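J.: sharing a sequence plus its predicted fold:
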Amino acid sequence: MGCLVSTPKDFGGNRRRPGNIGEVCVYVPGLRIPKPVDFSQSLGGYLSKNLVERLSALRTRIVVMAGQEAPTITRTRRRSATQHGGSTLADLHQALEDYLPVLLGLVKDGSHLQHKVQFVWVNQEDDAEETTICNAWYEVLSVLHLMAMLSLSQANLLLLSRTSADGYQPKVSEESRKASIDIFLKAAGYLDCAVRHVIPNLPSELRRNLPVDLAEGVLRALCLQALGQGNDIQLGMAIDSAKATLAVKRRLACEMVKYWQQAQDNIMNLPLTNGWGVKHRLFIKWKYIEARAAAYYYHGLILDEGNTEKSHGMAVAALQAADEYFKESKKASEAFNAALPLSRNPPLWGAIKYLSEKIPKDSSSKVRINRDLYSHEKIMETAPTLPDFALALKPDEFHLPPADPSWDEENAKHREHGELPAEG
(Lines give C-alpha, C1' and ligand atoms only; values in the text may rest on other atoms or scores of the structure.)
Protein backbone atom coordinates (compact mmCIF):
# COMPACT_ATOMS: atom_id res chain seq x y z
CA MET A 1 0.00 0.00 0.00
CA GLY A 2 3.03 2.28 0.01
CA CYS A 3 6.27 2.76 1.88
CA LEU A 4 6.56 4.95 4.96
CA VAL A 5 9.87 6.17 6.27
CA SER A 6 10.28 8.63 9.15
CA THR A 7 13.69 10.03 9.98
CA PRO A 8 14.23 11.09 13.62
CA LYS A 9 15.34 14.66 14.18
CA ASP A 10 18.66 13.48 15.60
CA PHE A 11 19.64 12.25 12.15
CA GLY A 12 19.57 15.53 10.29
CA GLY A 13 19.44 19.27 10.43
CA ASN A 14 16.97 19.99 7.67
CA ARG A 15 14.23 21.39 9.83
CA ARG A 16 14.23 25.15 10.19
CA ARG A 17 13.06 26.26 13.61
CA PRO A 18 13.31 29.95 14.41
CA GLY A 19 13.90 30.73 18.04
CA ASN A 20 11.56 33.73 17.94
CA ILE A 21 8.57 34.21 15.63
CA GLY A 22 7.79 37.80 16.64
CA GLU A 23 4.29 39.17 17.11
CA VAL A 24 1.45 36.68 16.85
CA CYS A 25 -2.25 37.34 16.35
CA VAL A 26 -2.80 34.05 14.52
CA TYR A 27 -0.60 31.14 15.50
CA VAL A 28 0.69 29.09 12.57
CA PRO A 29 2.00 25.82 14.05
CA GLY A 30 4.98 25.31 11.75
CA LEU A 31 5.00 25.06 7.98
CA ARG A 32 5.60 21.67 6.33
CA ILE A 33 8.43 21.99 3.84
CA PRO A 34 8.67 19.68 0.78
CA LYS A 35 12.00 18.10 -0.16
CA PRO A 36 12.98 17.29 -3.76
CA VAL A 37 11.73 14.06 -5.38
CA ASP A 38 12.84 12.46 -8.64
CA PHE A 39 9.76 12.09 -10.83
CA SER A 40 11.78 10.88 -13.82
CA GLN A 41 13.15 7.89 -11.93
CA SER A 42 9.76 6.80 -10.54
CA LEU A 43 7.45 7.76 -13.42
CA GLY A 44 9.75 7.82 -16.47
CA GLY A 45 8.60 4.39 -17.61
CA TYR A 46 4.90 5.24 -17.28
CA LEU A 47 4.41 8.82 -18.47
CA SER A 48 5.53 11.01 -21.33
CA LYS A 49 8.64 13.08 -20.85
CA ASN A 50 6.61 16.30 -21.08
CA LEU A 51 4.25 15.37 -18.25
CA VAL A 52 7.08 14.14 -16.02
CA GLU A 53 8.97 17.38 -16.61
CA ARG A 54 5.88 19.43 -15.90
CA LEU A 55 5.27 17.66 -12.58
CA SER A 56 8.92 18.11 -11.69
CA ALA A 57 9.01 21.80 -12.60
CA LEU A 58 5.83 22.63 -10.66
CA ARG A 59 6.97 20.83 -7.53
CA THR A 60 10.55 22.11 -7.72
CA ARG A 61 9.18 25.66 -7.79
CA ILE A 62 7.36 24.95 -4.51
CA VAL A 63 10.42 23.28 -2.94
CA VAL A 64 12.62 26.27 -3.74
CA MET A 65 10.10 28.92 -2.68
CA ALA A 66 9.08 27.16 0.53
CA GLY A 67 12.68 26.45 1.51
CA GLN A 68 13.78 30.03 0.95
CA GLU A 69 10.76 31.84 2.32
CA ALA A 70 9.53 29.70 5.22
CA PRO A 71 11.85 31.38 7.76
CA THR A 72 10.67 34.79 6.50
CA ILE A 73 7.03 33.80 6.76
CA THR A 74 7.28 32.46 10.30
CA ARG A 75 9.25 35.45 11.58
CA THR A 76 6.63 38.14 11.19
CA ARG A 77 7.65 41.76 11.18
CA ARG A 78 4.93 44.37 11.07
CA ARG A 79 6.82 46.88 8.92
CA SER A 80 7.47 44.45 6.07
CA ALA A 81 4.31 42.43 6.48
CA THR A 82 2.29 43.84 3.61
CA GLN A 83 5.20 44.23 1.21
CA HIS A 84 7.57 41.27 1.19
CA GLY A 85 5.57 38.85 3.35
CA GLY A 86 2.28 39.34 1.56
CA SER A 87 3.69 38.80 -1.92
CA THR A 88 5.68 35.78 -0.79
CA LEU A 89 2.59 34.12 0.59
CA ALA A 90 0.55 34.87 -2.53
CA ASP A 91 3.26 33.55 -4.87
CA LEU A 92 3.77 30.32 -2.93
CA HIS A 93 0.02 29.82 -2.63
CA GLN A 94 -0.34 30.27 -6.39
CA ALA A 95 2.44 27.74 -7.00
CA LEU A 96 0.52 25.18 -4.91
CA GLU A 97 -2.70 25.90 -6.79
CA ASP A 98 -0.89 25.40 -10.11
CA TYR A 99 0.61 22.09 -8.93
CA LEU A 100 -2.55 20.53 -7.46
CA PRO A 101 -4.49 19.73 -10.70
CA VAL A 102 -1.42 18.11 -12.28
CA LEU A 103 -0.67 16.16 -9.10
CA LEU A 104 -4.26 14.87 -8.94
CA GLY A 105 -3.69 12.98 -12.19
CA LEU A 106 -1.63 10.52 -10.13
CA VAL A 107 -4.71 9.52 -8.11
CA LYS A 108 -7.38 9.89 -10.79
CA ASP A 109 -9.72 6.87 -11.02
CA GLY A 110 -7.61 4.94 -8.53
CA SER A 111 -4.51 5.07 -10.76
CA HIS A 112 -1.71 2.64 -9.89
CA LEU A 113 0.66 5.59 -10.26
CA GLN A 114 -0.37 6.95 -6.86
CA HIS A 115 2.05 4.49 -5.21
CA LYS A 116 5.05 5.08 -7.50
CA VAL A 117 6.58 8.27 -6.10
CA GLN A 118 8.29 8.71 -2.73
CA PHE A 119 7.05 12.07 -1.48
CA VAL A 120 9.21 13.66 1.20
CA TRP A 121 8.22 16.48 3.56
CA VAL A 122 10.02 17.98 6.54
CA ASN A 123 7.73 18.20 9.57
CA GLN A 124 7.58 20.80 12.31
CA GLU A 125 5.32 19.39 15.02
CA ASP A 126 6.35 15.73 14.78
CA ASP A 127 9.41 14.22 16.48
CA ALA A 128 10.49 12.82 13.10
CA GLU A 129 12.70 15.14 11.05
CA GLU A 130 11.02 14.14 7.82
CA THR A 131 8.50 11.63 6.52
CA THR A 132 8.62 9.79 3.19
CA ILE A 133 5.39 8.16 1.99
CA CYS A 134 4.83 6.43 -1.36
CA ASN A 135 1.28 7.65 -1.82
CA ALA A 136 0.17 10.63 -3.89
CA TRP A 137 -2.75 11.25 -1.53
CA TYR A 138 -0.15 12.07 1.14
CA GLU A 139 1.21 14.69 -1.23
CA VAL A 140 -2.30 16.09 -1.81
CA LEU A 141 -2.83 16.23 1.96
CA SER A 142 0.48 18.01 2.47
CA VAL A 143 -0.35 20.55 -0.26
CA LEU A 144 -3.74 21.37 1.28
CA HIS A 145 -2.14 21.69 4.71
CA LEU A 146 0.45 24.12 3.36
CA MET A 147 -2.24 26.14 1.55
CA ALA A 148 -4.12 26.44 4.85
CA MET A 149 -0.99 27.44 6.80
CA LEU A 150 -0.13 30.10 4.23
CA SER A 151 -3.66 31.46 4.58
CA LEU A 152 -3.34 31.63 8.37
CA SER A 153 0.03 33.37 7.94
CA GLN A 154 -1.61 35.88 5.60
CA ALA A 155 -4.36 36.53 8.17
CA ASN A 156 -1.71 37.08 10.85
CA LEU A 157 0.04 39.68 8.70
CA LEU A 158 -3.25 41.48 8.05
CA LEU A 159 -4.11 41.61 11.75
CA LEU A 160 -0.82 42.88 13.12
CA SER A 161 -1.78 46.36 14.25
CA ARG A 162 -0.14 49.36 12.64
CA THR A 163 0.46 52.78 14.13
CA SER A 164 -2.31 55.10 12.97
CA ALA A 165 -1.84 58.40 11.15
CA ASP A 166 -1.83 60.30 14.44
CA GLY A 167 1.11 58.16 15.53
CA TYR A 168 -0.55 57.15 18.76
CA GLN A 169 -3.15 54.39 18.78
CA PRO A 170 -2.27 51.12 16.99
CA LYS A 171 -5.12 50.05 14.74
CA VAL A 172 -6.23 47.34 12.37
CA SER A 173 -8.39 48.70 9.57
CA GLU A 174 -11.93 47.47 9.02
CA GLU A 175 -10.87 46.44 5.53
CA SER A 176 -8.13 44.22 6.96
CA ARG A 177 -10.52 42.71 9.49
CA LYS A 178 -13.11 41.84 6.84
CA ALA A 179 -10.42 40.44 4.55
CA SER A 180 -9.06 38.29 7.39
CA ILE A 181 -12.47 36.69 7.98
CA ASP A 182 -12.60 35.63 4.32
CA ILE A 183 -9.09 34.19 4.63
CA PHE A 184 -9.98 32.29 7.80
CA LEU A 185 -12.96 30.71 6.05
CA LYS A 186 -10.76 29.72 3.09
CA ALA A 187 -8.17 28.15 5.40
CA ALA A 188 -10.95 26.24 7.18
CA GLY A 189 -12.21 25.09 3.77
CA TYR A 190 -8.83 23.60 2.80
CA LEU A 191 -8.62 21.78 6.13
CA ASP A 192 -12.21 20.57 5.98
CA CYS A 193 -11.58 19.19 2.49
CA ALA A 194 -8.43 17.45 3.74
CA VAL A 195 -10.34 15.73 6.54
CA ARG A 196 -13.42 14.77 4.53
CA HIS A 197 -12.07 14.07 1.06
CA VAL A 198 -8.35 13.29 1.28
CA ILE A 199 -7.61 11.39 4.50
CA PRO A 200 -10.35 8.78 3.74
CA ASN A 201 -8.40 7.86 0.57
CA LEU A 202 -5.35 6.83 2.59
CA PRO A 203 -5.04 3.22 3.76
CA SER A 204 -5.82 2.86 7.48
CA GLU A 205 -2.22 1.90 8.29
CA LEU A 206 -0.89 5.08 6.68
CA ARG A 207 -3.52 7.15 8.45
CA ARG A 208 -2.30 5.82 11.79
CA ASN A 209 1.31 6.61 10.87
CA LEU A 210 0.93 10.11 9.46
CA PRO A 211 3.17 12.73 11.06
CA VAL A 212 1.26 14.28 13.93
CA ASP A 213 0.95 17.67 12.20
CA LEU A 214 -1.24 15.90 9.62
CA ALA A 215 -3.22 13.88 12.15
CA GLU A 216 -6.96 14.25 11.72
CA GLY A 217 -7.31 15.77 15.19
CA VAL A 218 -4.75 18.49 14.39
CA LEU A 219 -6.44 19.28 11.07
CA ARG A 220 -9.86 19.52 12.75
CA ALA A 221 -8.40 21.70 15.52
CA LEU A 222 -6.83 24.02 12.95
CA CYS A 223 -10.12 24.25 11.07
CA LEU A 224 -11.96 25.18 14.26
CA GLN A 225 -9.17 27.59 15.21
CA ALA A 226 -9.63 29.42 11.90
CA LEU A 227 -13.38 29.65 12.49
CA GLY A 228 -12.87 30.76 16.09
CA GLN A 229 -10.51 33.54 15.05
CA GLY A 230 -12.91 34.68 12.35
CA ASN A 231 -15.61 34.75 15.02
CA ASP A 232 -13.30 36.80 17.27
CA ILE A 233 -12.94 39.42 14.51
CA GLN A 234 -16.73 39.50 14.12
CA LEU A 235 -17.11 40.16 17.85
CA GLY A 236 -14.64 43.04 17.67
CA MET A 237 -16.56 44.56 14.77
CA ALA A 238 -19.82 44.16 16.69
CA ILE A 239 -18.29 45.95 19.68
CA ASP A 240 -17.35 48.83 17.38
CA SER A 241 -20.85 48.98 15.88
CA ALA A 242 -23.49 51.17 17.52
CA LYS A 243 -26.17 48.93 15.99
CA ALA A 244 -25.01 45.65 17.56
CA THR A 245 -27.05 44.73 20.65
CA LEU A 246 -25.79 43.04 23.79
CA ALA A 247 -27.60 39.91 22.65
CA VAL A 248 -25.64 39.87 19.38
CA LYS A 249 -22.34 40.30 21.21
CA ARG A 250 -23.22 37.57 23.71
CA ARG A 251 -24.15 35.19 20.91
CA LEU A 252 -20.86 35.79 19.09
CA ALA A 253 -18.88 35.34 22.32
CA CYS A 254 -20.72 32.12 23.20
CA GLU A 255 -20.17 30.75 19.70
CA MET A 256 -16.47 31.55 20.05
CA VAL A 257 -16.33 29.47 23.23
CA LYS A 258 -17.70 26.47 21.31
CA TYR A 259 -15.19 26.81 18.47
CA TRP A 260 -12.23 26.91 20.83
CA GLN A 261 -13.61 24.18 23.10
CA GLN A 262 -14.02 21.86 20.11
CA ALA A 263 -10.52 22.78 18.89
CA GLN A 264 -9.13 21.88 22.31
CA ASP A 265 -11.08 18.60 22.39
CA ASN A 266 -9.51 17.59 19.07
CA ILE A 267 -5.92 18.36 20.02
CA MET A 268 -5.60 17.69 23.75
CA ASN A 269 -4.83 13.96 23.55
CA LEU A 270 -2.44 14.05 20.58
CA PRO A 271 1.30 13.44 21.16
CA LEU A 272 2.43 17.01 20.50
CA THR A 273 5.72 16.72 22.35
CA ASN A 274 8.02 19.31 20.81
CA GLY A 275 8.04 23.11 20.75
CA TRP A 276 5.71 23.82 17.84
CA GLY A 277 3.08 21.30 18.93
CA VAL A 278 3.17 22.24 22.60
CA LYS A 279 2.91 25.90 21.65
CA HIS A 280 -0.07 25.12 19.40
CA ARG A 281 -1.88 23.48 22.31
CA LEU A 282 -1.08 26.45 24.57
CA PHE A 283 -2.46 28.87 21.96
CA ILE A 284 -5.77 27.03 21.78
CA LYS A 285 -5.96 26.85 25.60
CA TRP A 286 -5.33 30.60 25.86
CA LYS A 287 -7.96 31.50 23.28
CA TYR A 288 -10.51 29.16 24.84
CA ILE A 289 -10.07 30.82 28.25
CA GLU A 290 -10.19 34.29 26.68
CA ALA A 291 -13.42 33.39 24.86
CA ARG A 292 -15.00 32.23 28.12
CA ALA A 293 -14.14 35.57 29.72
CA ALA A 294 -15.92 37.41 26.89
CA ALA A 295 -18.95 35.11 26.96
CA TYR A 296 -19.46 35.37 30.72
CA TYR A 297 -19.04 39.13 30.56
CA TYR A 298 -21.83 39.63 28.04
CA HIS A 299 -23.99 36.97 29.68
CA GLY A 300 -23.57 38.79 32.99
CA LEU A 301 -24.57 42.14 31.48
CA ILE A 302 -27.76 40.65 30.02
CA LEU A 303 -28.62 38.87 33.27
CA ASP A 304 -28.14 42.12 35.15
CA GLU A 305 -30.91 43.68 33.06
CA GLY A 306 -33.38 41.39 34.84
CA ASN A 307 -35.49 42.75 37.70
CA THR A 308 -35.25 39.85 40.14
CA GLU A 309 -32.87 39.05 42.94
CA LYS A 310 -32.07 35.77 41.20
CA SER A 311 -31.09 37.43 37.93
CA HIS A 312 -28.89 39.95 39.73
CA GLY A 313 -27.26 37.17 41.70
CA MET A 314 -26.60 35.21 38.52
CA ALA A 315 -25.21 38.36 36.90
CA VAL A 316 -22.73 38.80 39.75
CA ALA A 317 -21.61 35.18 39.41
CA ALA A 318 -21.22 35.50 35.64
CA LEU A 319 -19.22 38.72 35.93
CA GLN A 320 -17.04 37.21 38.63
CA ALA A 321 -16.40 34.28 36.30
CA ALA A 322 -15.55 36.69 33.47
CA ASP A 323 -13.00 38.43 35.69
CA GLU A 324 -11.43 35.14 36.83
CA TYR A 325 -11.21 33.82 33.27
CA PHE A 326 -9.72 37.11 32.12
CA LYS A 327 -7.00 36.88 34.76
CA GLU A 328 -6.39 33.27 33.81
CA SER A 329 -6.22 34.18 30.12
CA LYS A 330 -3.38 36.62 30.80
CA LYS A 331 -1.40 33.81 32.45
CA ALA A 332 -2.22 31.49 29.54
CA SER A 333 -1.01 34.17 27.11
CA GLU A 334 2.27 34.47 28.98
CA ALA A 335 2.72 30.68 28.94
CA PHE A 336 2.08 30.60 25.19
CA ASN A 337 4.56 33.40 24.43
CA ALA A 338 7.24 31.86 26.69
CA ALA A 339 7.04 28.47 24.93
CA LEU A 340 9.54 27.92 22.12
CA PRO A 341 9.62 29.36 19.55
CA LEU A 342 9.25 32.57 21.55
CA SER A 343 6.57 35.07 20.56
CA ARG A 344 4.92 38.20 21.84
CA ASN A 345 1.51 39.82 21.70
CA PRO A 346 0.99 42.82 19.43
CA PRO A 347 -0.54 45.96 21.02
CA LEU A 348 -4.10 45.24 22.10
CA TRP A 349 -6.91 46.03 19.67
CA GLY A 350 -10.36 44.77 18.79
CA ALA A 351 -12.51 42.75 21.19
CA ILE A 352 -9.75 41.96 23.67
CA LYS A 353 -8.69 45.61 24.02
CA TYR A 354 -12.26 46.60 24.85
CA LEU A 355 -12.78 43.67 27.21
CA SER A 356 -9.45 44.17 28.99
CA GLU A 357 -10.75 47.58 30.05
CA LYS A 358 -14.37 46.67 30.72
CA ILE A 359 -14.25 43.27 32.43
CA PRO A 360 -12.24 44.26 35.56
CA LYS A 361 -14.13 47.55 35.92
CA ASP A 362 -17.66 46.26 35.36
CA SER A 363 -17.25 43.06 37.35
CA SER A 364 -15.90 44.99 40.31
CA SER A 365 -18.67 47.61 40.30
CA LYS A 366 -21.53 45.13 39.70
CA VAL A 367 -20.32 42.82 42.43
CA ARG A 368 -19.98 45.71 44.88
CA ILE A 369 -23.43 47.16 44.07
CA ASN A 370 -25.24 43.85 44.17
CA ARG A 371 -23.54 42.64 47.31
CA ASP A 372 -24.73 45.80 49.01
CA LEU A 373 -28.28 45.01 47.87
CA TYR A 374 -28.46 41.29 48.57
CA SER A 375 -27.17 39.00 51.24
CA HIS A 376 -24.18 36.80 50.45
CA GLU A 377 -26.35 33.69 50.52
CA LYS A 378 -28.45 35.01 47.64
CA ILE A 379 -25.43 35.42 45.35
CA MET A 380 -24.72 32.36 43.24
CA GLU A 381 -21.29 30.99 44.01
CA THR A 382 -21.00 29.09 40.73
CA ALA A 383 -21.20 30.66 37.31
CA PRO A 384 -24.49 30.15 35.46
CA THR A 385 -24.48 27.97 32.35
CA LEU A 386 -23.75 29.85 29.16
CA PRO A 387 -26.47 29.84 26.49
CA ASP A 388 -25.96 27.32 23.71
CA PHE A 389 -26.10 28.80 20.20
CA ALA A 390 -25.71 27.06 16.86
CA LEU A 391 -22.39 27.89 15.20
CA ALA A 392 -22.86 30.36 12.37
CA LEU A 393 -19.44 30.46 10.67
CA LYS A 394 -18.76 27.51 8.39
CA PRO A 395 -15.69 26.65 6.29
CA ASP A 396 -15.79 27.78 2.69
CA GLU A 397 -16.55 24.83 0.46
CA PHE A 398 -13.34 23.81 -1.23
CA HIS A 399 -13.43 21.03 -3.80
CA LEU A 400 -10.36 19.35 -5.21
CA PRO A 401 -9.97 20.58 -8.80
CA PRO A 402 -10.33 18.15 -11.70
CA ALA A 403 -7.11 16.58 -12.94
CA ASP A 404 -5.28 18.72 -15.45
CA PRO A 405 -6.41 18.13 -19.11
CA SER A 406 -2.90 16.93 -19.96
CA TRP A 407 -3.79 13.67 -18.18
CA ASP A 408 -6.65 13.03 -20.60
CA GLU A 409 -4.21 13.43 -23.48
CA GLU A 410 -1.75 11.13 -21.72
CA ASN A 411 -4.34 8.42 -21.15
CA ALA A 412 -5.58 8.73 -24.72
CA LYS A 413 -2.07 8.05 -25.99
CA HIS A 414 -1.75 4.98 -23.78
CA ARG A 415 -5.10 3.60 -24.91
CA GLU A 416 -4.11 4.20 -28.49
CA HIS A 417 -1.09 1.97 -27.95
CA GLY A 418 -3.10 -0.59 -25.99
CA GLU A 419 -1.33 0.22 -22.73
CA LEU A 420 -4.45 1.22 -20.79
CA PRO A 421 -7.98 -0.20 -20.86
CA ALA A 422 -10.58 2.13 -22.31
CA GLU A 423 -12.64 3.96 -19.69
CA GLY A 424 -16.21 2.90 -19.08
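T.: Done, it's in.

J.: drop to CA atoms for contacts and neighbour counts, all remaining ones
T.: OK.

J.: helix/strand/coil for the closest residue to residue 107 other than its chain neighbours?
T.: What sits nearest to residue 107 in space, not counting adjacent residues and going by Cα to Cα, 6 or more residues apart in numbering, is residue 114, at 5.2 Å. Following DSSP: H, G, I helix; E, B strand; the rest coil, the label given to residue 114 is helix.

J.: so residue 114 touches residue 135, yeah?
T.: Yes - contact criterion Cα atoms under 8 Å: residue 114 and residue 135 qualify, at 5.4 Å.

J.: between those two, who's got more neighbours?
T.: Set residue 114 next to residue 135 and count neighbours by other Cα atoms under 10 Å: residue 135 wins out with 26 against 22.

J.: grab the nearest non-local neighbour of the more buried one.
T.: Nearest to residue 135 is residue 115, by Cα to Cα, 6+ apart, at 4.7 Å.

J.: do I have it right that the one you found meets residue 136?
T.: Yes - with contact defined as Cα under 8 Å, residue 115 counts as touching residue 136 (6.6 Å).

J.: the two: who's more crowded?
T.: residue 136 (24 against 19).

J.: for the more buried one, what are its contacts?
T.: Contacts for residue 136 (Cα atoms under 8 Å, 6 or more residues apart in numbering) come out as 103, 104, 106, 107, 114, 115, 117, 119.

J.: hmm, 10 Å instead?
T.: Each residue near residue 136 by Cα atoms under 10 Å, 6 or more residues apart in numbering is listed here: 2, 103-107, 111, 113-119, 142, 202.

J.: out of these, which are inside helices?
T.: Among these, the members found in helices (DSSP state H) are 103, 142.

J.: which of the contacts of residue 136 sits closest to residue 385?
T.: Lowest distance from residue 385 to the contacts of residue 136 (Cα to Cα) belongs to residue 142, with 40.2 Å.

J.: test my guess that the closest one contacts residue 194.
T.: Yes - counting by Cα atoms under 10 Å, residue 142 touches residue 194, with 9.0 Å between them.

J.: the more surrounded of the two?
T.: Remark: of residue 142 and residue 194, residue 194 carries more neighbours, 26 against 21, as counted by other Cα under 10 Å.

J.: now the more buried one, what's its secondary structure?
T.: Per three-state DSSP, residue 194 ends up helix.

J.: for it, list the residues it contacts.
T.: 137, 140-145, 188, 200, 214, 216, 219-220, 398-400.

J.: shared neighbours of residue 142 and residue 194, which are they?
T.: Residues touching both residue 142 and residue 194 by Cα under 10 Å, 6+ apart: residue 214.

J.: secondary structure element holding the spatially most central residue of the chain?
T.: Residue closest to the mean C-alpha point of the chain, counted by Cα atoms, centre = their mean, is residue 222 at 3.8 Å. Element membership for residue 222, per DSSP states H and E: helix 216-240.

J.: could you check that helix and say which residues are buried?
T.: For helix 216-240, the neighbour count (16 or more other Cα atoms under 10 Å) marks 216-239 as buried.

J.: check which element follows it along the chain.
T.: Immediately after helix 216-240, counting by DSSP H and E, sits helix 246-267.

J.: am I right that residue 307 sits in a helix?
T.: No - counting by three-state DSSP, residue 307 is not part of a helix but coil.

J.: how deep is it tucked in, by neighbour count?
T.: 9.

J.: quick check, pLDDT for it.
T.: On the pLDDT scale, residue 307 is placed at 80.

J.: repeat for residue 302
T.: For residue 302, pLDDT reads 94.

J.: wait, it sits on residue 311?
T.: Yes - with contacts counted by Cα under 10 Å, residue 302 reaches residue 311, the gap being 9.2 Å.

J.: OK, contacts around residue 113?
T.: By Cα under 10 Å, 6+ apart, the residues touching residue 113 are 42, 43, 46, 47, 105, 106, 107, 134, 135, 136.

J.: quick one: secondary structure of residue 132?
T.: Residue 132 is classified as strand under three-state DSSP.

J.: which residues does it form beta bridges with?
T.: Per DSSP bridges, the residues bridged to residue 132 are residue 5, residue 120.

J.: and it, how far from residue 42?
T.: Distance of residue 132 to residue 42, given as Cα to Cα, to the nearest Å: 14 Å.

J.: also residue 147?
T.: 26 Å.

J.: higher neighbour count, the two?
T.: A count of neighbours by other Cα under 10 Å puts residue 147 above the other of residue 147 and residue 42, at 24 against 16.

J.: that one sits in which helix or strand?
T.: Element membership of residue 147 [criterion: DSSP H and E] is helix 136-159.

J.: now find how far off-centre that helix is within its chain.
T.: 8 Å (Cα atoms, centre = their mean, to the nearest Å).

J.: ok and it relative to helix 216-240, angle-wise?
T.: Going by axes from the mean of the first three to the mean of the last three Cα atoms, to 10 degrees, helix 136-159 is angled at 20 degrees with respect to helix 216-240.
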